[in-house]
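# Curious how this folds, go ahead:
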Amino acid sequence: MVSVPEPAGGAPGVAPARDGRPGGRALRAPLLTGAAFAAATLVLAVRDPHVRGSYGFCPLLELTGLACPLCGGLRATHDLAHLDLAGAWSANALWTVVAPVLVVLWLAWLVAAARGRPVRGPSPVTAGWVTLAVALAFFVTRNLPALQPVLTPWL
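Next up, the predicted model:
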């Protein structure tokens, strides 16, 4: 196996093309990630998750009556794919806000990879704790009796 020396000033982990630009390896991860999520969204756009039991059930909801932060996520994704923002919001308000943010973050990752620059952002540990805190806050909020009609309309 032959190792390619890194050029002076090159980004670590990015294999340069022969003309000095970042190679296709840098784009592989964001493109594969985008393709996987596009395929999953296409499946949800074609097969309607609003039909009860079409994608299974939420064990927490069935056993306790509590809606987890993910409950309604498939329905919200289906509605977002059909540009039905009101339907997406009523299925899962958190996912309706988070999904477009994730698309923007993915685009920033793709552009950074295309330019051969490292992606800058919070540490994975910080991002994990923030995600957990937001999910927990949404879980508690959507199960408050006063807010259930707004945040979990199917209950």
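
# Where does Gly87 sit, in terms of helix or strand?
helix 85-91 (DSSP states H and E).

# tell me which strands and helices the helix or strand just after that helix is in contact with?
Next along the chain after helix 85-91, taking DSSP H and E as the criterion, comes helix 93-115. Secondary-structure packing of helix 93-115 (3 or more C-beta pairs under 8 Å, 6 or more residues apart in numbering; DSSP states H and E): helix 25-46, helix 73-81, helix 85-91, helix 124-142. Quick note: C-beta positions are derived from backbone N, CA and C, even for glycine.

# out of these, deepest packed?
Among the helices and strands packed on helix 93-115, helix 73-81 has the highest mean neighbour count (mean count of other C-beta atoms under 10 Å), at a mean of 23.

# Show me what that one is packed against.
Against helix 73-81 (3+ C-beta pairs under 8 Å, 6+ apart) you get helix 25-46, helix 85-91, helix 93-115.

# Retrieve the pLDDT associated with Arg21.
pLDDT, Arg21: 53.

# next one: the one 3 residues further on
On the pLDDT scale, Gly24 is placed at 76.

# burial of it, as a residue count?
Here the number of neighbours of Gly24 (other C-beta atoms under 10 Å) works out to 10.

# Next one: it from Ala112, what distance?
For Gly24, the distance to Ala112 equals 15 Å [C-beta to C-beta, to the nearest Å].

# got it, and Ala135?
The gap separating Ala135 from Ala112 is 27 Å, by C-beta to C-beta.

# related to what we said a few turns ago, ok, which of the helices and strands packed on helix 73-81 comes nearest Thr77?
helix 25-46 (4.9 Å; C-beta to C-beta).
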